[in-house]
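Enquirer: I would like the atomic coordinates for the input below:
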Amino acid sequence: MYPIYLISNTSPNDKAVIHLPMLGTSWLTPAIDFSRYDGIILTSKNGAEAMERIDAAWKTLPVICVGSATKKTAAAYGADVIETGNGYGDAIYDLIRERYAHLRWLYARPKVVASDFAERLRKAGTAIDEAVVYETVCNAEAPQPELPEEAVLIFTSPSALRCFEQRYRLLPTHTLVVIGTTTQKAADGHRVHVAPEPTVDACVTLAKQLAKDQP
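Expert: Take a look at the predicted model:
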């Protein structure tokens with residue numbers, strides 16, 4: 001069985017998976033007047049943590065989360081999560097256009113985003129502001145173990161792939177598993193396997209299936 005490595009800022013729940021903590025987070029603290037908004041949009045667990053660091057008042061507003069992992073973190077902080085998408089920005093666009101287009105929204109976002117749903121919502125007439133509340137950075141202090149030529153590598157974001165390639169070279173013998181289509185696009189030129197759901201657990205399950213029949 002080939003070894004499995006997870007390149008993510010989230011540690012795996014499965015002890016059979018080796019975590020490579022190549023990502024870090026830079027927390028930002030923009031001034032936000034929550035009285036201007038009817039709700040908050042979160043597209044990651046880091047978004048929820050960033051809001052908690054800025055002002056606990058964010059929890060007075062209803063929240064739409066991109067997926068189940070983000071919902072779990074937001075709810076743990078005490079937020080009222082009214083909708084949860086399927087893990088992709090397009091789902092948030094559809095939810096708001098169908099049910100909440102008349103409300104004023106704050107998108108608490110990373111510095112680099114993978115979806116243009118906020119811009120599309122504005123063009124469609126929905127009031128939505130964006131606040132950059134954190135930035136994903138490469139962790140220069142992460143250990144750099146020697147990787148076998150035949151390993152299964154899990155990437156959970158384009159940033160994870162970028163930080164990995166700053167320190168390693170992807171080999172044709174590596175098997176790549178990615179969390180979704182945006183990360184797939186970032187891996188242009190490499191053959192990848194896309195997880196059936198955009199979650200770390202789904203990535204790990206797929207990686208184990210790909211690795212189990214290997215010598």
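
Enquirer: Return the set of buried residues in stretch 63-78.
Expert: Under the neighbour-count criterion of 16 or more other Cβ atoms under 10 Å, stretch 63-78 has 63-71, 73-74 buried. Where C-beta positions appear, they are placed from N, C-alpha and C, glycine not excepted.

Enquirer: what's in contact with that stretch?
Expert: By Cβ atoms under 8 Å, 6 or more residues apart in numbering, the residues outside stretch 63-78 that reach it are 39-45, 47-49, 51-52, 59, 79-89, 91-92, 95-96, 100, 198-200.

Enquirer: Endpoint to endpoint, that stretch covers what distance?
Expert: Stretch 63-78 has its terminal residues 11 Å apart, counting by Cα to Cα, to the nearest Å.

Enquirer: Let me see the mean pLDDT of it.
Expert: Average pLDDT, stretch 63-78: 95.

Enquirer: Check the gap between the nearest residue to residue 101 once chain neighbours are set aside and residue 89 for me.
Expert: Spatial nearest neighbour of residue 101, chain neighbours left out: residue 126 (4.9 Å); criterion: Cβ to Cβ, 6 or more residues apart in numbering. With distances taken as Cβ to Cβ, to the nearest Å, residue 126 is found 14 Å from residue 89.

Enquirer: residue contacts, residue 113?
Expert: For residue 113, the contact set (Cβ under 8 Å, 6+ apart) comprises 43, 89.

Enquirer: go on, residue 8?
Expert: 19, 23, 154-157, 160, 200.

Enquirer: at 6 Å instead, please
Expert: Listed by Cβ atoms under 6 Å, 6 or more residues apart in numbering, the contact set of residue 8 reads 156, 160.

Enquirer: just residue 154 next, same as before
Expert: Contact partners of residue 154, counting by Cβ under 6 Å, 6+ apart, are 6, 177, 203, 207.

Enquirer: What helix or strand is the third one located in?
Expert: Secondary-structure assignment from DSSP states H and E places residue 203 in helix 200-212.

Enquirer: Tell me the buried residues in that helix?
Expert: Buried, per 16+ other Cβ under 10 Å, within helix 200-212: 200, 202-208, 210-211.

Enquirer: who touches the most centrally placed residue in the chain in this structure?
Expert: What sits nearest the mean C-alpha location of the chain, by Cα atoms, centre = their mean, is residue 44, with 5.1 Å. Residue 44 makes contact with residue 70, according to Cβ under 6 Å, 6+ apart.

Enquirer: What score does it have for pLDDT?
Expert: Here, the pLDDT recorded for residue 44 equals 92.

Enquirer: got it, and residue 215?
Expert: Per-residue pLDDT puts residue 215 at 55.

Enquirer: Equivalent analysis for residue 113, please.
Expert: 88.

Enquirer: how much space between it and residue 23?
Expert: Relative to residue 23, residue 113 is positioned 16 Å away (Cβ to Cβ).

Enquirer: what's the answer for residue 155, then?
Expert: Plainly put, residue 155 is 10 Å away from residue 23 if you go by Cβ to Cβ.

Enquirer: Alright, calling it a day.
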